[in-house]
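Participant: coordinates only, sequence not included:
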């Protein structure tokens with residue numbers, strides 16, 4: 001072979017080997033652990049292939065079906081570093097830079113499609129993830145439990161819970177809510193009782209009697225002598241047994257509207273009980289939120305006063321050190337001791353308030369006798385309110401159960417008026433009866449008899465002394481009272497919304513102000529400590545700076561807690577909005 005051909009063959013072989021190596025580095029073989037490439041964002045314009053031809057639409061659909069990423073693979077895996085540590089690295093490929101040619105942009109993470117439409121209510125923000133509450137917090141199923149031993153009421157478990165868990169416990173265990181549910185069931189039973197008037201009543205009676213003579217008279221002896229002679233003496237001394245039974249059927253064919261009015265009144269009372277249940281539930285949610293925020297406030301006050309005690313102890317140590325070194329006076333040390341005693345007293349009061357807040361929340365949630373609670377949520381704003389004031393007022397008018405309750409009470413009064421008027425109307429009833437009687441004596445054969453009756457009865461109350469008119473007047477006044485209370489509750493609902501809205505706006509501004517105040521107070525205390533330790537500042541400046549920091553921290557906590565309270569009150573005022 002010619003040398004030129006050999007060189008050409010060698011060059012082609014080297015070129016092919018280099019091409020294969022480059023292709024291997026450019027497109028490495030995919031393993032089972034390698035993720036699939038990310039899905040591209042497809043727009044209305046058709047994508048183009050390598051030659052620039054537009055891809056047919058069915059190819060786009062097929063590509064979407066085959067290149068859909070697996071959500072299970074989008075997790076973080078620890079990656080060992082050179083120092084032996086591990087850093088989380090995504091198992092899915094990282095998106096390429098925006099300027100990379102012919103590289104599709106990665107699609108954003110897919111979100112699940114909601115099964116229900118998004119609510120139009122304001123975003124609550126800061127909602128806690130609901131975690132099931134321990135079963136140990138539930139009370140005994142025996143409502144009549146009566147502890148008699150100290151160990152049965154001794155607190156042995158302290159469980160931190162979130163606000164959402166507290167609301168769940170209240171929904172499950174609160175006694176006021178349980179009573180409201182039972183009242184709803186009671187009202188539904190009253191509806192069934194009223195509807196029973198649409199059916200006839202059927203009754204059965206039975207009677208068994210046995211009679212005879214107790215004393216033997218002269219006639220009895222004579223009859224006995226005649227019986228011995230074979231002469232019939234009658235039944236004067238015989239024992240008689242009688243049995244009778246009967247069935248009665250009654251049905252009111254026409255009641256002048258009394259029966260429908262009674263059924264409608266029972267249905268409206270049941271609706272009123274349901275509205276009362278809703279009101280009790282909404283009030284309970286507000287009360288639980290208030291108790292929980294009060295517990296958060298108590299916990300924060302304990303932490304603030306503990307920090308104040310530590311600052312007072314440090315101040316006392318510095319004062320004693322300066323007095324020992326001859327740089328301070330006994331007066332400064334005494335002032336530091338008094339400051340520490342005052343801080344310790346405030347701490348003890350805060351701890352007592354903390355325990356009271358815990359037990360108040362436990363009582364509201366009807367916890368077990370041996371359990372108590374602590375707040376697990378951090379002290380931070382619980383959400384935002386994005387609905388304007390006027391829209392909030394209108395929404396409250398639509399949602400508040402208190403307003404509908406008065407409308408239901410007005411409807412009940414109207415049905416009671418119709419029922420009272422029907423009492424003076426005509427009532428037509430169907431009456432049927434069947435009787436059977438059997439009598440037997442010791443001296444004669446049994447005799448049976450039966451009979452039946454079927455008829456119509458009409459009743460008309462012509463005069464009742466004005467009792468019906470008095471009942472109608474009472475129900476008319478009840479209707480007017482319901483209308484007046486509706487107007488009163490409407491004004492109250494508006495005031496509650498406006499009050500909560502104003503408090504929410506004020507405390508939102510206070511949060512921003514107190515954040516700056518705390519930072520300034522911390523810096524002022526730091527400078528006061530440095531000046532006091534350097535001998536150029538006074539102890540009064542340091543004590544004043546410590547008091548200012550404690551007050552600023554308390555103001556910040558109060559602003560956040562008051563903001564959350566106002567938000568909870570606003571949600572309650574509008575109603576039907578979950579925290």
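Facilitator: Yes, it's here. Because the structure is a prediction, the values reported are computed rather than measured. Numbering: from 1, shown residues only.
Participant: Mind listing the residues bridging to residue 426?
Facilitator: Here residue 426 sits in beta bridges with residue 460, as judged by DSSP bridges.
Participant: show me where this protein has helices.
Facilitator: 3-26, 57-66, 163-173, 175-195, 218-228, 258-325, 330-365, 389-399, 401-422, 467-534, 539-574 (DSSP state H).
Participant: where among these is the average confidence lowest?
Facilitator: Least confident of the helices of the chain, judged by mean pLDDT, is helix 57-66 with a mean of 34.
Participant: Next, format the helices of the chain as JSON lines and append mean neighbour count.
Facilitator: The way it works is simple: take the backbone N, C-alpha and C, and place the C-beta from them, glycine included. Putting those into JSON lines (neighbours: other Cβ atoms under 10 Å) gives the following:
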{"stretch": "helix 3-26", "mean neighbour count": "10"}
{"stretch": "helix 57-66", "mean neighbour count": "11"}
{"stretch": "helix 163-173", "mean neighbour count": "20"}
{"stretch": "helix 175-195", "mean neighbour count": "15"}
{"stretch": "helix 218-228", "mean neighbour count": "12"}
{"stretch": "helix 258-325", "mean neighbour count": "20"}
{"stretch": "helix 330-365", "mean neighbour count": "17"}
{"stretch": "helix 389-399", "mean neighbour count": "16"}
{"stretch": "helix 401-422", "mean neighbour count": "20"}
{"stretch": "helix 467-534", "mean neighbour count": "16"}
{"stretch": "helix 539-574", "mean neighbour count": "21"}
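Participant: could I get those helices as TSV with distance to residue 371?
Facilitator: Written out in TSV, the entries for these read as follows (distance: least, Cβ to Cβ, whole Å):
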stretch	distance to residue 371
helix 3-26	64
helix 57-66	53
helix 163-173	10
helix 175-195	16
helix 218-228	83
helix 258-325	14
helix 330-365	7
helix 389-399	34
helix 401-422	32
helix 467-534	32
helix 539-574	24
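Participant: Out of those, flag the one nearest residue 456.
Facilitator: Comparison of these against residue 456 by Cβ to Cβ identifies helix 258-325 as nearest, at 17.3 Å.
Participant: that older thread, out of the helices of the chain, which is closest to residue 149?
Facilitator: Relative to residue 149, the nearest member of those by Cβ to Cβ is helix 330-365, separated by 19.5 Å.
Participant: Run the chain-centre distance for that closest one.
Facilitator: Put simply, helix 330-365 sits 34 Å off its chain's centre (Cα atoms, centre = their mean, to the nearest Å).
Participant: Can you check what angle separates that helix from helix 163-173?
Facilitator: Between the axis of helix 330-365 and that of helix 163-173 there is an angle of 40 degrees, by axes from the mean of the first three to the mean of the last three Cα atoms, to 10 degrees.
Participant: Show me what helix 330-365 packs onto, helices and strands only.
Facilitator: In this structure, helix 330-365 makes packing contacts with helix 163-173, helix 258-325, strand 371-375, helix 539-574, judged by 3 or more Cβ pairs under 8 Å, 6 or more residues apart in numbering; DSSP states H and E.
Participant: okay if I get those as a markdown table plus distance to residue 524?
Facilitator: As requested, the helices and strands packed on helix 330-365 are arranged in a markdown table below (distance: least, Cβ to Cβ, whole Å):
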| stretch | distance to residue 524 |
| --- | --- |
| helix 163-173 | 34 |
| helix 258-325 | 13 |
| strand 371-375 | 30 |
| helix 539-574 | 5 |
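Participant: So which of those is nearest residue 179?
Facilitator: Evaluated over the helices and strands packed on helix 330-365, closeness to residue 179 peaks at helix 258-325, with 8.2 Å, by Cβ to Cβ.
Participant: who does the closest one touch, helix- and strand-wise?
Facilitator: Counting contacts by 3+ Cβ pairs under 8 Å, 6+ apart, helix 258-325 packs against helix 163-173, helix 175-195, helix 330-365, strand 371-375, helix 401-422, helix 467-534, helix 539-574.
Participant: Of all the ones you listed, which one is nearest residue 437?
Facilitator: Shortest distance between residue 437 and these, using Cβ to Cβ, is found for helix 175-195: 35.0 Å.
Participant: Which strands or helices does that closest one pack on?
Facilitator: Contact analysis of helix 175-195 by 3+ Cβ pairs under 8 Å, 6+ apart lists helix 258-325 as its packing neighbours.
Participant: if you set the cut-off to 10 Å instead, what comes out?
Facilitator: On a contact count with 3 or more Cβ pairs under 10 Å, 6 or more residues apart in numbering; DSSP states H and E, helix 175-195 meets helix 163-173, helix 258-325, helix 330-365.
Participant: Which of those helices sits closest to residue 445?
Facilitator: Proximity to residue 445, assessed across the helices and strands packed on helix 175-195 by Cβ to Cβ, is greatest for helix 258-325 (49.4 Å).
Participant: quick revisit: adding distance to residue 249, write the helices and strands packed on helix 175-195 out as a markdown table.
Facilitator: Conversion of the helices and strands packed on helix 175-195 to a markdown table gives the following (distance: least, Cβ to Cβ, whole Å):
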| stretch | distance to residue 249 |
| --- | --- |
| helix 163-173 | 48 |
| helix 258-325 | 17 |
| helix 330-365 | 54 |
